[in-house]
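[1] Got a sequence here, can you build the structure:
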Amino acid sequence: MITNFFIPELNNHDVQELWFQQDGATCHTARETINLLKDTLGDHLISRFGPVNWPPRSCDLTPLDYFLWGYVKSLVYADKPQTLDHLEDNIRRVIADIRPQMLEKVIENWTSRLDNIRASRKSLMPDIIFKM
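    Numbers count the residues shown, from 1 in each chain. Prediction:
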């Protein structure tokens, strides 16, 4: 996926300021994967074993984890798809229906999470509730 989709897609955009963040899942941090991402992104990689190490237990830093997957899953399964085609159609529809305004709110919330982490200076963070 990285070689066949991600890197070619990056080449279609101006990504000078892009930072790529992924979680510490074992499949994401295989030596070959990390080396490929380092070669592609240089120091702009946030990942376990990457140039910028993935902070441990940091689901609060990943908008995909704290919001998007749960949101998508709740809509994809709302009509209880019974076939793989139905499931795939639901996934495509739900993803296509996500509006830029929603993603802007997600990024605003993510920024506030980062500010809380900076302010906490690595102590325990207060609970943060995602606000739409």
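[2] Give me the buried positions along stretch 41-59.
    In terms of neighbour count (16 or more other CB atoms under 10 Å), stretch 41-59 has its buried residues at 41, 44, 45, 46, 47, 48, 49, 50, 54. The C-beta positions use only the backbone N, C-alpha and C, and glycine is treated the same way.
[3] Kindly report the same for stretch 104-111.
    Neighbour-count burial for stretch 104-111 [16+ other CB under 10 Å]: 106, 109, 110.
[4] Would you mind listing the outside residues contacting stretch 4-23?
    Stretch 4-23 is contacted from outside by 28, 37, 40-41, 44-48, 54, 61-62, 65, using CB atoms under 8 Å, 6 or more residues apart in numbering.
[5] Could you rerun that using 7 Å?
    28, 37, 40, 41, 44, 45, 46, 47, 54, 62 (CB atoms under 7 Å, 6 or more residues apart in numbering).
[6] and the two most separated of those residues?
    Using CB to CB, the two most remote members of the contacts of stretch 4-23 are 40 and 62, lying 20.1 Å apart.
[7] Cool, thanks, talk later.
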